[in-house]
Structures are given as C-alpha cells and as structure tokens.
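Participant: My questions concern the predicted model and sequence given below.
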Amino acid sequence: MAIESVSRRFAAVATLLVALFITGCVTTTDSRFSREEDHQKAVETYVQLATAYIGQGNVERARHHLDRALELAPESPSALATQGLIYHSDGEPELAEKSFRQAIAKDAGYTRARVYYGAFLYSQGRMEESRDQFRAASRDTEYSDRGSVFYNLGMTQERLGQLDEAIVSYRRASELSRGDARSLLSLSRVMVESGDLAGAARYYDRLLLIMQRNERLQHSPESLLTGIRIARYLGDGNQESSMVLQLKNKYPESVEYQQYKALISNDK
C-alpha cells in the first residue's frame, strides 16, 4: 500500500512538471516509477499463479511461475515463502524450512510466510514451534484469513494438551469465520473433553443448524461422537439413539465408534 501511494504521488508530480517544462528528464523519472510498480505487480502475479497451481497439485506449473518471480525479485518474501511450499511438496524439508525462514527474515511482518511455516512445522510434529508461528500470525489484525490462523493455533494447542487455550482459539476462529462448521465442531469437541458439556451443547446446536441449512454438510465420525456425548449429558435419548445408529451404520470401523463402545462399556 505504501509503495502504491508513493508511486501515485510521484506520478502526479511528474505529470505537473511535464506540463510546465516538457523535459525528457522528467519523463524518464515518471517511467522509472511506473516500471518499478509494474515490476512488483509482475512478481506478485507470478507468485499468485504459483500458489494457485500448488493448490491444484500441479507443482511443475507452479515451479515455472515461481522461477519467473525469483528471477525478477530473488529476495521477495512472498516468492521465498512459496518456494518453501514447493520444496515441502518435493519432500525437501530442510530446503523448505530454509526458504520459510528466509522469507520471515526479509519481512517479519509478512504473515503468510508465518502461516506457511507454521503449517510446515505442524506437519513435522514440531508443535511448540508451530504454535508460536501461528500465535505470531494471529496478531496481524489486517490478515485476510485470521479465522484459519486461530483455528490452526487451536489445533497446535490441542495437540500440546493445552485445552483451555485451544478453546479460546477455536472460539475466536468461530467468531472470525462467522461460525463455520469446522470451528464449531472443534470447539464443541474440545469443550466436551474439558468437561464443559453445557457450553459445548450451545455451540453444537449452532453446528446442527448450519448442517440443516446446507445439505452438502454431512456428519463425520467426530461430529457424531461429539453429539452422542452431549445428548447423553442432556438426557436426550432420541438424539443419542439416532446418532449412535448413524455412527454404527456409516462408520463401523472408525476410531470414534470404538470410543463409543468403550464409553457405554465404562458406564456399565
């Protein structure tokens, strides 16, 4: 944003000077700033294309566009962070980590690099480091996808056994994402695990309402077991029986069905 503001200001000055003096020197200055702006736009366009191809699983096309970005700007934080994604997909964790760290070193405020790095660390089982990256990323109030950042932070905290902290993060993710199903389910499940079934029931009801409105959303073993535990707490036999039947018929081999059988066995 700052670069664009400066560019517009110089462009306005150059236009005025051209009108007054008609000198080649002024024209050259204006062109220089225009070229710099075009240069930056080109880098970001190549990075965006590379990222899109990575998302589609087309790493070769992604690498082609990223190479163009790095040719134009070898130290671009966005290009270096995307390079880390490609190295990770290639099974080169050392190179991937080096690229992520270089991107953050070039611009500590480039939040997307921290998000990528945090996800990489999570995949490597380095939960404390992953949590720290997502925590740093969560402080960027201008980041466009803060809901996902808090959700990822919650996952790392949950893996570390920090359930109270995970609940706070999942709740914030739910607020920022306007109550998406993923955040509501994780929040409900962890609240059940922490013993707050009454609180979990409130969020789980919101999840069920979303599922009723969107027929593409279907119960998973995780959501069914969470619902069963809440229904048992509330004494809602009809809800419990319905969900048990779904879990048994749809996911008989799931870990959650085994957990359910252990649950009722313990009650006996």
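Facilitator: Ah, there it is. Numbering: from 1, shown residues only.
Participant: per the record, what domains does the chain have?
Facilitator: The chain breaks down by the TED database into domains covering 41-108, 178-267.
Participant: where does the chain have low pLDDT?
Facilitator: Along the chain, the model assigns pLDDT under 70 to residues 1-37, 268.
Participant: From the centroid of it, which residue is nearest?
Facilitator: When C-alpha atoms, centre = their mean is applied to the chain, the residue found nearest the centroid is residue 148 (4.0 Å).
Participant: helix or strand right after the helix or strand hosting that residue?
Facilitator: Following DSSP states H and E, one finds residue 148 within helix 146-159. As assigned by DSSP H and E, the chain's next helix or strand after helix 146-159 is helix 163-176.
Participant: Can you give the contact residues for the helix holding residue 148?
Facilitator: By C-beta atoms under 8 Å, 6 or more residues apart in numbering, the residues outside helix 146-159 that reach it are 111, 115, 118-119, 122, 127-128, 130-131, 134-135, 137-138, 140, 143, 163, 165-167, 169-170, 172-174, 176-177, 180, 182-183, 186, 190. The way it works is simple: take the backbone N, C-alpha and C, and place the C-beta from them, glycine included.
Participant: buried sites along that helix?
Facilitator: Residues of helix 146-159 classed as buried under the neighbour-count rule (16 or more other C-beta atoms under 10 Å) are 146-158.
Participant: Quick check: buried residues in the helix or strand harbouring residue 262?
Facilitator: Here residue 262 sits within helix 255-267, counting by DSSP H and E. Residues 256-257, 260 are the ones in helix 255-267 that count as buried (16+ other C-beta under 10 Å).
Participant: Could you do stretch 194-202 as well?
Facilitator: By neighbour count with 16+ other C-beta under 10 Å, stretch 194-202 contains the buried residues 197, 199-201.
Participant: out of those residues, which are inside helices?
Facilitator: Per DSSP state H, helices hold the following members of these: 197, 199-201.
Participant: for residue 142, helix, strand, or coil?
Facilitator: Recorded secondary structure, residue 142: coil (DSSP: H, G, I helix; E, B strand; the rest coil).
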